[in-house]
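**Student:** got a predicted structure plus its sequence, pasted below:
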Amino acid sequence: MEPAHRLRKIFSQDTYSKEAAVRNLRRLSWKMRNAPDWTATLCQHVLKAEARKNLAARQRVLNPETLLARADRAQLERIRLSYSDGKSSYWTKYLDPAKWFSINIKYVKRFGWVLNPPEDVLDLGCGGGFFLFVLREMGSRVLGLDLPDDPILNDLIQALGIERVEHRIAKQQKLPTIGDRRFDLITAWMICFNNYDREETIWKAADWDFLLDDLSERLKPKGKILFSLNPQTDKKFYSREIEKLFLYRSDLLDGRIIIFTKKRLDKTRLAPLKVKGQVASPSRPATEHSSIPED
């Protein structure tokens, strides 16, 4: 694109939409709220030699070739050759570890985990374990949760040495107990467990509300949850009803990305809600609509 055309596009009113403006405002608000903690962490790394050394070590890890060198390359190559014909598994896209390491490195940088990596991480629907491998090599303690149904993903998890709990996430059902373990970060990337591509089984607001309450109990006091959603059958990430729930209970709603903090989840779980002109009980609401304040 020519520089002059690029400038005209930047300053053209047609370039922007109301939805994009709202997302940008939400991102700005999120960054401003987190600025004090980020600044304090940055100052610590500037002032302390050990912190600077650890940061430099984490930065050296964030290279696909470095990560491949730390993995079992022979096993990864065996997996690629074994499943490249696509006959045994649908998930042949995961046979390129360098690509998926690159994608997850971008996640780690985007959300500030290079400067301040989480100590304990749970990844829902962990797939082949690439995201958890990146964080583990940066020093995090990691755990995946997923079904053992696919041979490619099973072999990748084993090759990368990722600990995994075998479980199917279902609506209105609690996750398995993992001892007394609590997490700084719970993630779910490209979520499929909400049956996003089947109209008759797509999760409702009450189902998401139940999951959020369950996950909140597994977070440390300053813990966070990050969801990355797939588009549903209508090409949207969520219905208006679910959007209202996420707006109420999240700290950041940015298109497919939603971030929740334990503090916010606990506050919205216990606070009385005004529902259709009535004040609901602080206990769990009886209907899916009672979790969502009216506009």
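**Tutor:** Alright, I've got the coordinates. Numbering: from 1, shown residues only.

**Student:** return the set of buried residues in the longest helix anywhere in the chain.
**Tutor:** Longest helix in the chain, counting residues (DSSP state H): helix 18-47. Of all the residues in helix 18-47, those buried under the rule 16 or more other Cβ atoms under 10 Å are 23, 26, 30, 45. The way it works is simple: take the backbone N, C-alpha and C, and place the C-beta from them, glycine included.

**Student:** right, and the helix or strand after it?
**Tutor:** helix 49-61 (DSSP states H and E).

**Student:** which strands and helices sit next to that next one?
**Tutor:** With contacts taken as 3 or more Cβ pairs under 8 Å, 6 or more residues apart in numbering; DSSP states H and E, helix 49-61 sits against helix 18-47, helix 64-70.

**Student:** any idea which of those scores lowest on pLDDT?
**Tutor:** Lowest mean pLDDT within the helices and strands packed on helix 49-61: helix 18-47, at a mean of 86.

**Student:** and the angle from that helix to helix 49-61?
**Tutor:** 130 degrees (axes from the mean of the first three to the mean of the last three Cα atoms, to 10 degrees).

**Student:** going forward, count from 690.
**Tutor:** Shifting the count to begin at 690 puts that one at helix 707-736.

**Student:** which elements pack onto helix 707-736?
**Tutor:** Short answer (3+ Cβ pairs under 8 Å, 6+ apart): helix 707-736 packs on helix 738-750, strand 941-943.

**Student:** show me where the stretch 840-984 of the chain has helices.
**Tutor:** 840-849, 894-905, 929-938, 951-959 (DSSP state H, counting those that start in this stretch).

**Student:** residue 917 and residue 848, how far apart?
**Tutor:** Applying Cβ to Cβ, to the nearest Å, the value for residue 917 to residue 848 is 24 Å.

**Student:** cool, and residue 952?
**Tutor:** 38 Å.

**Student:** and what of residue 734?
**Tutor:** 33 Å.

**Student:** do residue 712 as well
**Tutor:** Distance from residue 712 to residue 848, by Cβ to Cβ: 38 Å.

**Student:** then residue 732?
**Tutor:** 40 Å.

**Student:** go on, residue 791?
**Tutor:** 18 Å.

**Student:** so between these two, which is more surrounded?
**Tutor:** residue 848 (21 against 16; other Cβ atoms under 10 Å).

**Student:** how about the secondary structure of the closest residue to that one other than its chain neighbours?
**Tutor:** Closest residue to residue 848 apart from its sequence neighbours, by Cβ to Cβ, 6 or more residues apart in numbering: residue 764 at 3.9 Å. Classification of residue 764 by DSSP: H, G, I helix; E, B strand; the rest coil places it in helix.

**Student:** list the contacts for residue 764?
**Tutor:** Going by Cβ atoms under 8 Å, 6 or more residues apart in numbering, residue 764 touches 844, 847, 848.

**Student:** for residue 959, state which of those is nearest.
**Tutor:** Nearest to residue 959 among the contacts of residue 764 is residue 847, at 41.8 Å by Cβ to Cβ.

**Student:** please identify the most buried of the helices and strands packed on helix 707-736.
**Tutor:** Counting by mean count of other Cβ atoms under 10 Å, strand 941-943 has the highest mean neighbour count of these, with a mean of 19.

**Student:** pull up the pairing partners for it, direction included.
**Tutor:** strand 946-950 (antiparallel) (DSSP bridges).

**Student:** contacts for the longest strand seen in the chain, please.
**Tutor:** The residue-count maximum for a strand in the chain (DSSP state E) belongs to strand 908-918. For strand 908-918, the surrounding residues in contact (Cβ under 8 Å, 6+ apart) are 800, 807, 809, 871-880, 883, 885, 901, 904-905, 926-927, 940, 945-952, 954.

**Student:** now with 6 Å?
**Tutor:** Strand 908-918 is contacted by residues 871-880, 904, 926, 945-951 when judged by Cβ atoms under 6 Å, 6 or more residues apart in numbering.
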